[in-house]
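Participant: after the sequence you'll find the predicted model.
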Amino acid sequence: MRVLGLETTCDETAAAVVRLKPDGSGEILVDEVMSQIAAHAAYGGVVPEIAARAHVEVLDTLIARALAKAGLRAGELDGVAAAAGPGLIGGVLVGLSAAKGIAIATGKPFLAVNHLEGHALIARLDGRLAFPYLLLLASGGHTQILAVEGVGEYVRLGATMDDAIGEAFDKTAKLLGLGYPGGPAVEAAAKDGDMERFPLPRPLLGRPNADFSLSGLKTAVRHAAHAAAPLKTRDVADLCASFQAAVTDMIEDRLRVALALYRKRGGARAQALVLAGGVAANAAIRATLARFAQSAGLPLIAPPPQLCTDNGAMIAWAGVEKLRLGRVDELSAPARARWPLDPKAEPARNNKA
Ligand code: KG4
Ligand code: ZN
């Protein structure tokens, strides 16, 4: 089984082909990602109309290149998947329409994939991770902790009330003049910093629900930066290290609560703690969560960084997971700006997910 996956929900245009092997694992035949970072950098964030236009410009070329590299004609695919949301609607429409067009032209099954489900399932690519598992999904647009019980079966245990964690990294970077995207820049600057120099708050620490709040931390970083101005390289490094330490402490505390909530629900034992989304590329966060998982008696599964940030392989793989269960979608499947994984979850206050 070979599935093409298209990703155009945010600022990466991506096309990948994943093959399902007889042993149940997936092989990425090709994973083409074209980042729009340069087009958005001047604005310090993603500009939706610029993103949509850039997807339109490059997607056809990217699909042709992906198929050529995989040595396949479109008619040799077994399914065509696209991220149908959640995301910037102009961009979503580009990938979704292209996938529908290929599906119509080839008569192959069409799969409308939830972008978040792509992040959630990519850890299963090696065929070794079984359901259920506890998932921290932390990206530029989303921050949630989920119990992943099966394909299409999610129970949200916690979510952010305001900013996503990746967004907080991006805003911190912007404030400190480190450019966009902020995550890798803040992480690099934090390496030489003193994480104890600035005593920053850890919002919601110790609360009995597993929700997140980042806005108080963001404000505290801004105040600390103004108080220490003009900032020298050392000040920026110390602020980044202090910010990253606060975020790491917060994530660990929220996961501890989420794991307790998960266990209280009863049901099958969690097989692992899984990380997904761009923030999972952060080495300091990964190291802390490795220690946390070990103390909780769970294996930590963190896909390689290039599969944590947005990519086409996660959409193709989620397409494989749906297709092998026969969960094919109608060509009328809509583009969705919002598409929660757990529609029954109470919205966390001001929730963006
Ligand atoms: O999953 P992703 O590629 O796109 C979204 O769906 O949002 O995540 C991008 C986010 C950005 O906010 C970026 O700053 C953050 O992930 N990120 C990181 C790191 N690499 C990317 N945050 C912290 N540390 C990193 N190394
Ligand atoms: Zn994403």
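Facilitator: Sure, I can see it. Ligands and ions are numbered 1, 2, ... in the order given.
Participant: who's in contact with the residue in the stretch 201-350 of the chain positioned nearest to ligand 2?
Facilitator: Closest to ligand 2 within the stretch 201-350 of the chain is Asp310: 4.4 Å, counting by C-beta to the ion. Backbone N, C-alpha and C define where each C-beta goes, glycine included. By C-beta atoms under 8 Å, 6 or more residues apart in numbering, Asp310 lies in contact with Glu7, Thr9, Cys10, Asp11, Glu12, Ala14, Val33, His115, Ser139, Gly278.
Participant: including secondary structure, could these go into CSV?
Facilitator: Listed next are these as CSV, based on DSSP: H, G, I helix; E, B strand; the rest coil:
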residue, secondary structure
Glu7, strand
Thr9, coil
Cys10, coil
Asp11, coil
Glu12, strand
Ala14, strand
Val33, strand
His115, helix
Ser139, coil
Gly278, helix
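Participant: so, low pLDDT: which residues of this structure?
Facilitator: Scanning the chain for pLDDT under 70 picks out 349-353.
Participant: how about the residue in it that sits furthest from its center?
Facilitator: Most distant from the centre of the chain: Pro230, at 34.6 Å, with distances by C-alpha atoms, centre = their mean.
Participant: near ligand 1 too, which of the contacts of Asp310?
Facilitator: Cys10, Ser139, Gly278 (C-beta under 6 Å from any ligand atom).
Participant: helix or strand: which one has the closest residue to the first one other than its chain neighbours?
Facilitator: Closest residue to Cys10 in three dimensions, ignoring its sequence neighbours and counting by C-beta to C-beta, 6 or more residues apart in numbering: Gly87, at 5.5 Å. Element membership of Gly87, judged by DSSP states H and E, is empty: it is in no helix or strand.
Participant: look up how far Lys69 lies from Gly87.
Facilitator: 25 Å (C-beta to C-beta, to the nearest Å).
Participant: Lys108 too?
Facilitator: Lys108 is 19 Å from Lys69, by C-beta to C-beta.
Participant: same check, this time on Asp78
Facilitator: Applying C-beta to C-beta to Asp78 and Lys69 gives a distance of 18 Å.
Participant: okay, those two: which has more neighbours?
Facilitator: Asp78 (17 against 14; other C-beta atoms under 10 Å).
Participant: list the contacts for that one?
Facilitator: Met1, Arg2, Val3, Lys108, Pro109, Leu323 are the contacts of Asp78 under C-beta under 8 Å, 6+ apart.
Participant: burial of the closest residue to ligand 1 within the stretch 201-350 of the chain, as a residue count?
Facilitator: Residue nearest to ligand 1 within the stretch 201-350 of the chain: Gly278 (2.2 Å; C-beta to the nearest ligand atom). Gly278 has 25 neighbouring residues, counting by other C-beta under 10 Å.
Participant: contacts for stretch 197-205 next, please.
Facilitator: Here stretch 197-205 has contacts from 211-217, 220-221, 224, 238-239, 241-243, 245-246, 249-250, 253-254, using C-beta under 8 Å, 6+ apart.
Participant: okay, strands next: where are they in the stretch 101-250 of the chain?
Facilitator: Applying DSSP state E, counting those that start in this stretch to the stretch 101-250 of the chain gives strands spanning 110-114, 133-138, 143-150, 153-159.
Participant: what's the closest of these to Ala38?
Facilitator: With C-beta to C-beta as the criterion, Ala38 lies closest to strand 133-138 of the strands of the stretch 101-250 of the chain, at 24.4 Å.
Participant: which strands and helices sit next to that closest one?
Facilitator: The contact analysis (3 or more C-beta pairs under 8 Å, 6 or more residues apart in numbering; DSSP states H and E) places strand 133-138 against helix 115-121, strand 143-150, helix 233-264, strand 273-276.
Participant: mind redoing it with 10 Å?
Facilitator: helix 115-121, strand 143-150, strand 153-159, helix 165-175, helix 233-264, strand 273-276, helix 283-295 (3 or more C-beta pairs under 10 Å, 6 or more residues apart in numbering; DSSP states H and E).
Participant: tell me which of these approaches Glu196 most closely.
Facilitator: Proximity to Glu196 (C-beta to C-beta) singles out helix 233-264 among the helices and strands packed on strand 133-138, at 7.2 Å.
Participant: that closest one to helix 165-175, inter-axis angle?
Facilitator: Between the axes of helix 233-264 and helix 165-175, defined by axes from the mean of the first three to the mean of the last three C-alpha atoms, to 10 degrees, the angle is 170 degrees.
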